[in-house]
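Task: produce atomic coordinates for the following.
(2 chains)
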Number of protein chains: 2
Amino acid sequence: MTAATGAAGGPLQFARNERRRFYEELSEFLRIPSVSAKSEHDPDTARAARWLRDHMAAAGLEAEVLPTAGHPVALGEWRGAGPDAPTLLVYGHYDVQPPEPLDLWDSPPFEPSVRDGRLYARGAADDKGQLFMHVKALESHLAARGSLPVNVVVLAEGEEEIGSPNLLPFVKQHRERLEAGTVVISDSAMFAPGQPSLLYSLRGLAYFELHASGPATDLHSGAYGGAVRNPANALAALLAGLQEADGRIAVPGFYDDVEEPDPEALARVRALPFDEEAFAQEVGVATLAGGEKGRSPLERLWARPSCDINGMASGYAGEGAKTVLPARAMAKVSFRLVPNQTPERVRTLVERHVRNNAPEGVEVRVAALHGARPWRAKLEGEVFEAAARALEASFGRRPVLAGEGGTIPIVVELEELLQADTLLMGFALPGANMHAPNEWLATDCFERGLDALVRLYDEL
Amino acid sequence: MTAATGAAGGPLQFARNERRRFYEELSEFLRIPSVSAKSEHDPDTARAARWLRDHMAAAGLEAEVLPTAGHPVALGEWRGAGPDAPTLLVYGHYDVQPPEPLDLWDSPPFEPSVRDGRLYARGAADDKGQLFMHVKALESHLAARGSLPVNVVVLAEGEEEIGSPNLLPFVKQHRERLEAGTVVISDSAMFAPGQPSLLYSLRGLAYFELHASGPATDLHSGAYGGAVRNPANALAALLAGLQEADGRIAVPGFYDDVEEPDPEALARVRALPFDEEAFAQEVGVATLAGGEKGRSPLERLWARPSCDINGMASGYAGEGAKTVLPARAMAKVSFRLVPNQTPERVRTLVERHVRNNAPEGVEVRVAALHGARPWRAKLEGEVFEAAARALEASFGRRPVLAGEGGTIPIVVELEELLQADTLLMGFALPGANMHAPNEWLATDCFERGLDALVRLYDEL
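Numbers count the residues shown, from 1 in each chain, chains lettered A, B, ... in the order given. As a prediction, this is how the structure comes out:
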């Protein structure tokens, strides 16, 4: 921390003084149900983009909403450091996951509510809250000093939760304007409460829908059961056939591209203070029994691929007993990928596996919904060191290097396209229910994280 | 056919003259959404019972609605043949299956619509339409002649589609009043268009819900996938484990009580003019690939048990890709049973099998929703012969003996309790979408079937 940053009238002090207003503004942002996956929410995603533009403009950035073939991009820029100064690109997203199942939320997903040191709302952690922190760090500098030591571009997309189908074309189209030495992203979690982290890896993703269809309409299961192949039975068998009993993925060729984690990284992972029992208790299970046998939970989460059914629907699932042989069955299935897997290769293998195992009498179709490559960080450089110092100053602890089981689809592509390094510093906490009911962001992380982001610019 | 039946002013003529009114009244009956499985429809089932009571009273029966612990019974009686005459008990049900999925109906399920010789509505075939035919046959006799040659009791329950949980207690309570030598039921289909049938067998049923639950809430499939056991993955494996690839049911002990059909019955089944290709085409599948290898479709449908998933629900099944690890997964699974299986024994075996195969890290629960024993007819006696003659006179063809893959739970119990034989003569047609969207009853079957029911009383 430089002396000026925390001084009265400095950006850190500004951020702390304006905290109440910041929370109010964030709540306004979170109230917009910008669910990118559902077309009925298109007006809301558009509204969220405009809100963010106006908000960045008020913070002192040049801001505009730019169209894509899908949901728009909200772009903010500050170029006052001059053409010779480095440029930092802050990437985030203003779209959110669908909030369903609604009945499991303790307070409505789009009515932010603070309880026990947590701000509850869909998007509080993923990613509106964290994106908002970046804007507020910039505002604090610009309000307190009128300048930043580097040029900054804020690139906020509205399609992260549906696989960023239009971001890459956008970045290609605006490549010069988006040029930057470093991409900074806050869309992930800290390793543990009070323990700041920098991410060194992300898993990739290959997401599919499997459809099995049989008779033209639902049939009476008594009158037809045993003669007509049941698409739900067939789908269950296909789904079960994706994985062995020991957790290994049973798709032939699936592990061909999987790189074993290097011993140094593995040693680092094993040195982390991970309490398996506490983790299990937190998510509400008796034991961490997912994934492959013979690997630690963190290794399975960070360095090994996984296979999860994300949803299933078939026939009658309401109250009581309906004796129906369903005409069709559907499941959403996704694989998390590790270096050097690619979603394209996995798609080929899964399609072949399903085709080879599809039984007579039903039609089976695999639809690829989206994919993203896995990523590994370069763990060195000026910005990396500056971020480590800023985090240590704000949280009182040196950040650890952590993996992340999730995916930020755009990281690999942005790195390649912009020839930039990526810094991933997240402020959510484990168990934040990103993608689940009762998503939350700890107010302590919001406040210390904002401190750290303010400090980052002085450490550069 | 006796001369008087079809004579001008006779009951047959009456039924034919009043046809238009009969259709209008039936439509009124079908408009009541008496879905027994859904408590929101309780007022409708009650209304259907009252409608039927009033209607039987108008037909000349003593009629009343009698309570049970669930939906009520509508009872109609005519005792004018005197205490020494035989009594026929007509059993039927006024409740219907849930109409979902609604979007697959070409006309609304509770707005009867006649198109191309078919009356479309939920309950048209199963069983309101067929039950109504019996009431109209009685009305025709009583209107034309003022009497019937036998005493008649009409017992219409409102819980057949949920397993008749309260009918047996009702029958026990009113046993003397329900005493009858023969039970007549029309709740099934003819073997083919124009080909009347008498049923010689029904399959039994054992219906379950399987629940798998894991984490306390839905989780992010990236942040937790591979560490936390996915309940949907676990459920898919359990479901797949119920059946072998060759269609045999994989639950240990399941076939212990399964009796091979006797050679004579099998020969009769094989002699039936069954067009496998036409049957497949009618239901919209390429091939009849369900059930066990090495058995003909009719044998699989009538004489072998089956296993069908009736519904599945888990996680996110809406538009787009939601990367969620669901907290829970549910499936409805039912087995059709053949002599000498019992639902109680199957329940024990399924529970044990699921328990033995449930993986670590999820909780699995089996709930038995309902069960019914399989049935075989006594193929002889006065009423049986009378029915055969009435069918032949009305359809111009001798009835065949057919099996039925479905279940009428109460048949076995009524037979035992009342010490009566059962006669199953149905007037639906194959493909009538009982339990599916676009349920229908052929108007030709309604009219000839009603003829046959009118004639039945004169043949007795």
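
Who are the contact partners of the residue of the stretch 1-150 of chain A found nearest chain B?
Among the residues of the stretch 1-150 of chain A, A:A37 lies closest to chain B, at 3.1 Å counting by C-beta to the nearest C-beta. Where C-beta positions appear, they are placed from N, C-alpha and C, glycine not excepted. The contact partners of A:A37, taken as C-beta atoms under 8 Å, 6 or more residues apart in numbering or on different chains, are A:Q97, A:P98, A:E161, A:I162, B:G318, B:E319, B:G320, B:A321, B:K322.

With distance to A:V269 and pLDDT added, can I get these in a markdown table?
Below are those laid out as a markdown table (distance: C-beta to C-beta, whole Å; pLDDT from 0 to 100):
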| residue | distance to A:V269 | pLDDT |
| --- | --- | --- |
| A:Q97 | 28 | 95 |
| A:P98 | 32 | 96 |
| A:E161 | 28 | 91 |
| A:I162 | 31 | 90 |
| B:G318 | 36 | 94 |
| B:E319 | 37 | 91 |
| B:G320 | 33 | 89 |
| B:A321 | 28 | 89 |
| B:K322 | 28 | 90 |
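
which non-adjacent residue is nearest the residue of the stretch 1-150 of chain A closest to chain B?
Counting by C-beta to C-beta, 6 or more residues apart in numbering or on different chains, B:G320 is the residue found nearest to A:A37 once chain neighbours are left out, at 3.1 Å.

residues in contact with the residue lying closest to A:E439 once chain neighbours are set aside?
If the residues on either side of it in the chain are set aside, A:E439 comes closest to A:N433, at 4.4 Å by C-beta to C-beta, 6+ apart. A:N433 makes contacts with A:A125, A:E439, A:W440, B:T217, B:L219, B:H220, as judged by C-beta under 8 Å, 6+ apart.

is it fair to say the fourth one lies in a strand?
No. When DSSP: H, G, I helix; E, B strand; the rest coil is applied, B:T217 is found to be coil, with no strand at that position.

Tell me where the stretch 1-150 of chain A has strands.
A:62-66, A:73-78, A:87-93, A:113-115, A:118-120 (DSSP state E, counting those that start in this stretch).

May I see those strands arranged in CSV, with mean neighbour count as well?
Formatted as CSV, the entries for these read as follows, by neighbours: other C-beta atoms under 10 Å in any protein chain shown:
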stretch, mean neighbour count
strand A:62-66, 16
strand A:73-78, 24
strand A:87-93, 25
strand A:113-115, 15
strand A:118-120, 23
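
which stretch among the ones you listed comes nearest A:V283?
Proximity to A:V283, assessed across the strands of the stretch 1-150 of chain A by C-beta to C-beta, is greatest for strand A:118-120 (16.4 Å).

ok, A:F279 to B:G222 distance?
As judged by C-beta to C-beta, to the nearest Å, A:F279 and B:G222 stand 15 Å apart.

Looking at those two, which has the bigger crowd around it?
Applying other C-beta atoms under 10 Å in any protein chain shown to A:F279 and B:G222 shows that B:G222 carries more neighbours, namely 27 against 20.

counting contacts, what elements does the strand or helix carrying that one pack onto?
Element membership of B:G222, judged by DSSP states H and E, is helix B:221-224. Contacts of helix B:221-224 with other secondary structure elements, assessed using 3 or more C-beta pairs under 8 Å, 6 or more residues apart in numbering or on different chains; DSSP states H and E, are made with strand A:306-315, strand A:328-337, strand B:324-325.

Past that helix, which element shows up next along the chain?
Tracing the chain past helix B:221-224, the next element assigned as helix or strand by DSSP H and E is helix B:231-240.

what helices or strands is that next one leaning on?
By 3+ C-beta pairs under 8 Å, 6+ apart, helix B:231-240 packs against helix A:231-240, strand A:306-315, strand B:204-213, strand B:306-315, strand B:328-337, helix B:343-357, strand B:363-372.

Contacts for the next helix-or-strand element following the first one, please.
Yep, that's helix A:231-240 we're talking about. Counting by DSSP H and E, the element after helix A:231-240 in chain order, helix or strand, is helix A:263-271. For helix A:263-271, contacts defined as C-beta under 8 Å, 6+ apart pick out A:Y200, A:P261, A:S296, A:L298, A:E299, A:W302, A:A303, A:L401, A:G403.

From those residues, which land in helices?
A:L298, A:E299, A:W302 (DSSP state H).

Can you tell me which of these has the most neighbours?
When neighbours are counted as other C-beta under 10 Å, the busiest of the ones in helices among the contacts of helix A:263-271 turns out to be A:W302, with 25 neighbours.

Next, work out how far apart that residue and A:G403 are.
Note on A:W302: its distance to A:G403, by C-beta to C-beta, is 3 Å.

Over to A:F274?
Here the distance between A:F274 and A:G403 works out to 11 Å (C-beta to C-beta).

the more surrounded of the two?
Neighbours were tallied for A:F274 and for A:G403 using other C-beta under 10 Å; the higher tally belongs to A:G403 (25 against 15).

any idea of the pLDDT on the more buried one?
With respect to pLDDT, A:G403 scores 91.

That one bridge partners, please.
Per DSSP bridges, the residues bridged to A:G403 are A:S201.

what's the nearest residue to A:L199 if we skip its chain neighbours?
Residue nearest to A:L199 in three dimensions, not counting chain neighbours: A:L424, with 3.7 Å by C-beta to C-beta, 6+ apart.

OK, contacts around A:G222?
Listed by C-beta under 8 Å, 6+ apart, the contact partners of A:G222 are A:T323, B:R203, B:L205, B:R336, B:E404, B:G405, B:G406, B:T407.

Show the contacting residues for A:V183.
Taking C-beta under 8 Å, 6+ apart as the contact definition, A:V183 lies against A:L89, A:V90, A:Y91, A:V411, A:L414, A:E415, A:L418, A:A420, A:D421, A:T422, A:L423.

would CSV of these with distance to A:V171 be doable?
As requested, these are arranged in CSV below (distance: C-beta to C-beta, whole Å):
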residue, distance to A:V171
A:L89, 10
A:V90, 14
A:Y91, 10
A:V411, 12
A:L414, 7
A:E415, 11
A:L418, 7
A:A420, 11
A:D421, 16
A:T422, 13
A:L423, 18
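
and the residues you listed, which two are the farthest apart?
Across those, no pair lies farther apart than A:V90 and A:E415, at 14.8 Å, counting by C-beta to C-beta.

Need the residues touching each of A:F274 and A:G403.
Where contact means C-beta under 8 Å, 6+ apart, the residues bridging A:F274 and A:G403 through contact with each are A:L298.

So which elements touch the helix or strand A:A156 falls within?
Per DSSP H and E: A:A156 is located in strand A:151-157. In this structure, strand A:151-157 packs against helix A:42-59, strand A:73-78, strand A:87-93, helix A:128-145, helix A:167-173, with contacts taken as 3+ C-beta pairs under 8 Å, 6+ apart.

The shortest one versus strand A:62-66: what angle between them?
Spelled out, it's strand A:73-78. Between strand A:73-78 and strand A:62-66, the angle formed by their directions is 160 degrees, by axes from the mean of the first three to the mean of the last three C-alpha atoms, to 10 degrees.

partners of strand A:73-78, with directions?
Here strand A:73-78 has these sheet partners by DSSP bridges: strand A:62-66 (antiparallel), strand A:151-157 (antiparallel).

angle of that strand against strand A:87-93?
Between strand A:73-78 and strand A:87-93, the angle formed by their directions is 150 degrees, by the same axes, to 10 degrees.

returning to that earlier point: among the contacts of A:V183, which ones are in helices?
Cross-referencing these with the helices (criterion: DSSP H) gives A:V411, A:L414, A:E415, A:L418 as the overlap.

Pick the one among those closest to chain B.
Closest to chain B out of the ones in helices among the contacts of A:V183 is A:V411 (12.8 Å), distances taken as C-beta to the nearest C-beta.

Now do the nearest residue to A:I32 once chain neighbours are set aside against B:G318, distance only.
With C-beta to C-beta, 6+ apart as the criterion, A:I32 has its nearest non-adjacent residue at 4.4 Å, and that residue is A:A48. Noted for A:A48: a distance of 20 Å to B:G318, by C-beta to C-beta.
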